[in-house]
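Engineer: got a structure for you, letters missing:
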């Protein structure tokens, strides 16, 4: 699949800015959601050497990056939306941690070659206009032996798996209904494991470890 075909296939997403970004930050900043970020941060930090330099792509409100920094990790964030840069930077200052949040496009990252040991992208890859270029940029900024992890929705997820995922969020009835509808919409833009493998084959990574669980697609890519 070429990047020209990618552009035809995926609608260019409007920037999530202003009130939309702030509303998203509130939805993702509930205590159950924050506890999930903390758990994920502890698991990741425990698996990495102390001097690992981490890049989070499409960090959104910055909750995950802040939890990683709270554990002593060196974290940089990149997001195309300036409102998220503002929200995340304010949140990091309020939490007393140091994270560099920068505005930029994943398809043309403002970082030198081989700048990071680990790259993570959560729940955003399906929105990228140039997915092959995005993966190649992740490869470029990784040091040899570095790893990129992309976690997103699985297009093969069933309606039942979506229902169970929303139930685990412990939302009110109205909010749960809205989230189920949103996930159903997002599923149509997501990749199946086979589709994602096809993208990876076009990049410098060539191969990846791809796993699924519930509604999630987990892709692990390593730069030799």
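Structural biologist: Perfect, thanks for sending it. Owing to the predicted nature of the structure, the values given are computational and were not obtained by experimental measurement.

Engineer: And the longest strand anywhere in the chain, what's buried?
Structural biologist: In the chain, taking DSSP state E as the definition, the longest strand is strand 142-153. Under the neighbour-count criterion of 16 or more other CB atoms under 10 Å, strand 142-153 has 142, 146-153 buried. All C-beta spots, glycine's among them, are computed from the backbone N, C-alpha and C.

Engineer: And the furthest pair within the residues you listed?
Structural biologist: In the buried residues of strand 142-153, two members sit farther apart than any others by CB to CB. They are 146 and 153, at 24.8 Å.

Engineer: Now the residue most central in space within the chain. Its backbone dihedrals?
Structural biologist: Nearest to the mean C-alpha position of the chain, counting by CA atoms, centre = their mean, stands residue 122 at 2.0 Å. As for residue 122, its main-chain torsions (degrees, to the nearest 10) stand at phi -120, psi 130.

Engineer: Which neighbouring elements make contact with the helix or strand following the longest strand of the chain?
Structural biologist: As assigned by DSSP states H and E, the chain's next helix or strand after strand 142-153 is helix 159-168. With contacts taken as 3 or more CB pairs under 8 Å, 6 or more residues apart in numbering; DSSP states H and E, helix 159-168 sits against helix 173-187.

Engineer: angle of the helix it packs on against helix 159-168?
Structural biologist: Orientation check (axes from the mean of the first three to the mean of the last three CA atoms, to 10 degrees): helix 173-187 against helix 159-168 gives 140 degrees.

Engineer: now, which of the buried residues of strand 142-153 sits nearest residue 61?
Structural biologist: residue 151 (16.4 Å).

Engineer: Surely the residue nearest to the centre of the chain is in contact with residue 58?
Structural biologist: Yes - taking contacts as CB atoms under 8 Å, residue 122 lies within contact range of residue 58: 7.5 Å.
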